[in-house]
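Just to be clear, the model below is a prediction. Sequence and coordinates:
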Amino acid sequence: MVGRYVVVQIPGDLNILSIVEAGVYGYLAGNRAVGGATLQSSTYADLIAEKAIDGNRGLQQLYTGCSSTLNETDPWWRLDLHDVYRVSNVIVTNRKDCCAELINGAEIRIGNSLDNNGNNNPICAVIPAIPAGESYNYSCDGLDGRYVNIHIPGDGKILLLCEVEVYGYLAENLAVPGAAFQSSTSMNGFAEKAIDRGLQQLYTGCSSTLNETDPWWKLDLRYIYRINKVVITNRKDCCAEQINGAEIHVGNSLENNGANNPICAVIPAIPAGESYNYFCGGMEGRYVTLIIPGDMKILTLCEVKVYGQGPCLKKSFVKLLFHSSKDLTDPTMRKNVLKRLGSALADRGFTNVTLSWSQTPKQEVMRIVNDDNRECVVTAIE
């Protein structure tokens, strides 16, 4: 439902309305193309790419109010939304005065990659045809992406667009509610500055370690997620080469501060002040760690964004063998064991874990005599 006002009302006479808290969740309605940046493979006359997002859908659909490429092979048009959105719908308006068939076979692609000018991103829809002057709505089912491409494959094609509208909501950056740590801190370059959503990419707005061996930065997402993409923004004012060779690790282990987790990507280089996307293909993990292996290294991060799905809820069954002199068939003893196991997991970073016995432990008494002539009980638990 789209609206500016939310009203809670009790119909009838002599009623009292008492509300302790009202929370409203949703997303800003509107055309996400407005304010975006456009580019196309070529431009015919003055029919620049921006004319496809000038808001003239209902007012002027003539040739002069549209964008157009030259006659070429594989013409394309691209919209940069400036951030990652979950795109629900794309509305395309066709030329009104003639040549409606020029749109036939166009592909709508949405994603975060600029490979092949963005034309390798996943397909939202293929346009068989749009009648002259009409606007057709294509559902994209929440495809994640910063870039919206419209592309006609083939030779001798012209891509002409009179209006493109994009609707959806901002994808959640999982890094924002997380907790950041690093191997050391230079001046006031605290680890948290890499997830502060700041617009400043200068040294003062970034995290930074000291010059050391194997510097690392770690993000605790607090829950396990399937990570699709990590976005890294490099320092803008100088020293862009300090990011070179950094490894991005994703996983659930805290061994070696998370650096033993699987590698999502290795960063060869990022130009000063630029943001690069690294795709992790749904790797599961609670921790995202960046580390630069080697001596005399500094790790500076001006922004880290993480996108994915979750939290992932999992149930695991573990078979344990205890050597104990206690009777673990006793419910009180079983409760104490779970409590101690929970504390051990928390020390390793695994919190919000629910532990329970799947069945009553099976006890087997073995005659093992200690030095003090006491008998031990071996209890097998499944």
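Okay, I see it. Nothing here was measured: the structure is a model prediction, and the numbers come from that model.

Can you tell me which residue sits nearest the middle of this protein?
Y307 (0.7 Å; Cα atoms, centre = their mean).

tell me the contacts of it?
84, 144, 171-174, 227-231 (Cβ atoms under 8 Å, 6 or more residues apart in numbering). The C-beta positions use only the backbone N, C-alpha and C, and glycine is treated the same way.

so which helix or strand takes in it?
strand 303-309 (DSSP states H and E).

Which parts of the stretch 151-300 of the chain are strands?
With strands called from DSSP state E, counting those that start in this stretch, the stretch 151-300 of the chain shows them at 160-161, 163-170, 179-182, 207-208, 216-233, 246-251, 263-267, 275-291, 300-301.

Okay, now the sheet partners of the third one, with direction.
Yep, that's strand 179-182 we're talking about. Strand 179-182 has the following strand partners under DSSP bridges: strand 216-233 (antiparallel).

Quick check: which ranges of the stretch 51-200 of the chain have low pLDDT?
Low-confidence segments of the stretch 51-200 of the chain, defined by pLDDT under 70: 57-64, 197-200.

which among the contacts of Y307 end up buried?
With burial judged by 16 or more other Cβ atoms under 10 Å, the buried subset of those is 84, 144, 171, 173-174, 227-231.

can I get these in JSON lines with distance to G294?
Listed next are the buried ones among the contacts of Y307 as JSON lines, based on distance: Cβ to Cβ, whole Å:
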{"residue": "V84", "distance to G294": "32"}
{"residue": "D144", "distance to G294": "34"}
{"residue": "A171", "distance to G294": "34"}
{"residue": "N173", "distance to G294": "30"}
{"residue": "L174", "distance to G294": "29"}
{"residue": "I227", "distance to G294": "25"}
{"residue": "N228", "distance to G294": "29"}
{"residue": "K229", "distance to G294": "26"}
{"residue": "V230", "distance to G294": "21"}
{"residue": "V231", "distance to G294": "24"}
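
And H249, how far from A240?
H249 sits 22 Å away from A240, going by Cβ to Cβ, to the nearest Å.

typed the wrong thing, it's F279
F279 is 22 Å from A240, by Cβ to Cβ.

before we move on, the earlier item: ok, so of the buried ones among the contacts of Y307, who is nearest N94?
Closest approach to N94 among these (Cβ to Cβ): D144, at 27.0 Å.

Give me the distance between the closest one and E107.
Taken as Cβ to Cβ, the span from D144 to E107 is 17 Å.

got a list of what L219 touches?
Applying Cβ under 8 Å, 6+ apart to L219 gives the contacts 175, 178-180, 194-195, 287-289, 304, 306.

who does it bridge with?
Applying DSSP bridges, one finds that L219 bridges with A180, V288.

re the thing from before, most neighbours among the contacts of L219, please name it.
V288 (29 neighbours; other Cβ atoms under 10 Å).

OK, contacts around that one?
175, 218-219, 221, 227, 230, 248-250, 258, 304, 306.

Any chance you could list what contacts stretch 261-272?
227, 230, 232-238, 240-241, 243-253, 276, 278-280, 283, 285, 287, 289.

just the buried members of those residues?
227, 230, 232-236, 240, 243, 246-251, 253, 276, 279-280, 283, 285, 287, 289.

Can you name the residues that contact A37?
For A37, the contacting residues are 79-80, 82, by Cβ under 8 Å, 6+ apart.

10 Å instead?
With contact taken as Cβ atoms under 10 Å, 6 or more residues apart in numbering, A37 is in contact with 49-50, 53, 78-82, 147.

Out of those, which end up buried?
The buried subset of the contacts of A37 (16+ other Cβ under 10 Å) comprises 49, 53, 78-79, 81, 147.

closest to D155 among those?
Closest to D155, out of all of those and judged by Cβ to Cβ, is R78, at 20.3 Å.

for the helix or strand containing that closest one, packing partners?
Assessed by DSSP H and E, R78 sits inside strand 76-93. With contacts defined as 3 or more Cβ pairs under 10 Å, 6 or more residues apart in numbering; DSSP states H and E, strand 76-93 has these neighbours: strand 37-40, strand 106-111, strand 123-127, strand 135-151, strand 160-161, strand 163-170, strand 216-233, strand 303-309.

Give me the nearest residue to K305, chain neighbours excluded.
Residue nearest to K305 in three dimensions, not counting chain neighbours: V231, with 4.0 Å by Cβ to Cβ, 6 or more residues apart in numbering.

for the closest residue to A129 other than its chain neighbours, what are its contacts?
Excluding its sequence neighbours, the residue lying closest to A129 (Cβ to Cβ, 6+ apart) is N104, at 5.0 Å. Contact analysis of N104 by Cβ under 10 Å, 6+ apart lists 94, 126-130, 152, 157.

can I get these in JSON lines with distance to N117?
Formatted as JSON lines, the contacts of N104 follow (distance: Cβ to Cβ, whole Å):
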{"residue": "N94", "distance to N117": "22"}
{"residue": "V126", "distance to N117": "18"}
{"residue": "I127", "distance to N117": "18"}
{"residue": "P128", "distance to N117": "23"}
{"residue": "A129", "distance to N117": "24"}
{"residue": "I130", "distance to N117": "23"}
{"residue": "I152", "distance to N117": "13"}
{"residue": "K157", "distance to N117": "15"}
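
got the CA positions of stretch 92-109 in PDB?
Provided in PDB are the C-alpha atoms of stretch 92-109 (Å, rounded to 0.1, in the frame of the first residue of the first chain):
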ATOM      1  CA  VAL A  92       9.600   1.200 -20.400                       C
ATOM      2  CA  THR A  93       7.800   3.700 -22.600                       C
ATOM      3  CA  ASN A  94       8.200   3.300 -26.400                       C
ATOM      4  CA  ARG A  95       8.400   5.900 -29.200                       C
ATOM      5  CA  LYS A  96       5.000   7.400 -30.200                       C
ATOM      6  CA  ASP A  97       5.300   8.800 -33.700                       C
ATOM      7  CA  CYS A  98       6.800   5.900 -35.500                       C
ATOM      8  CA  CYS A  99       9.300   3.000 -35.500                       C
ATOM      9  CA  ALA A 100       7.800   1.200 -32.500                       C
ATOM     10  CA  GLU A 101       9.500  -2.000 -33.600                       C
ATOM     11  CA  LEU A 102      12.900  -0.700 -32.700                       C
ATOM     12  CA  ILE A 103      12.400  -1.800 -29.100                       C
ATOM     13  CA  ASN A 104      11.700  -5.400 -30.100                       C
ATOM     14  CA  GLY A 105      14.000  -8.000 -28.500                       C
ATOM     15  CA  ALA A 106      15.500  -5.600 -25.900                       C
ATOM     16  CA  GLU A 107      16.800  -7.200 -22.700                       C
ATOM     17  CA  ILE A 108      16.400  -5.600 -19.300                       C
ATOM     18  CA  ARG A 109      19.300  -6.500 -17.100                       C
END
